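In: Sharing a model that was predicted from the sequence below.
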Amino acid sequence: RNLSIYEGGHVYTGLSFIGEAKSSMFREGRFPIVVVDKDGRVVGISTAVATTNWTIPGWTKFETKINYALPSNMPCTMIFEEALTQNERGKQPLRVPFGIRCN
């Protein structure tokens, strides 16, 4: 929530953005953000890093940067994925898809 990017908006290499996620998404202050192309292939993974800015209890502000090449002018999906510990690897993480336009 409170993302500085918009659903369906253009996303490009080098883009930094911020947002808020449920505190349960984070492990050690981080969680992965996966971008997949229209065919579901992983394009790249960035890491959401918690910031120290105050927010509503149960939510944590984060920042991240897309530092990998994106496909040109096509629909993609950004997936905010719950970080899991080694002991939790057997369970399915919570995934929140968010439609974007790559480059």
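Out: Nice, thanks for sending it over.
In: Residues in contact with stretch 15-24: which ones?
Out: Applying C-beta atoms under 8 Å, 6 or more residues apart in numbering, the contact partners of stretch 15-24 are 1-5, 31, 48, 51, 55, 58-66, 80, 82, 94. No exception for glycine: its C-beta is placed from N, CA and C like everyone else's.
In: can you give me the mean pLDDT across that stretch?
Out: For stretch 15-24, mean pLDDT is 95.
In: quick one, which residue of this structure lies the farthest from its center?
Out: Going by C-alpha atoms, centre = their mean, the residue of the chain most distant from its centre is N87, 22.2 Å out.
In: Helix, strand, or coil at that residue?
Out: Secondary structure for N87, judged by DSSP: H, G, I helix; E, B strand; the rest coil, is helix.
In: I'd like the distance between it and R27.
Out: Noted for N87: a distance of 11 Å to R27, by C-beta to C-beta, to the nearest Å.
In: How about I33?
Out: I33 is 14 Å from R27, where distance means C-beta to C-beta.
In: which stretches of the protein have low pLDDT?
Out: Within the chain, no stretch has pLDDT under 70.
In: Report the beta-bridge partners for the residue nearest in space to the middle of it.
Out: Residue closest to the average C-alpha location in the chain (C-alpha atoms, centre = their mean): I33, at 3.0 Å. Under DSSP bridges, the beta-bridge partners of I33 are S46, F80.
In: you'd agree K65 is up against Y12?
Out: No. Contact criterion C-beta atoms under 8 Å: K65 and Y12 do not qualify, at 11.1 Å.
In: P97 bridge partners, please.
Out: On the basis of DSSP bridges, P97 is bridged to I79.
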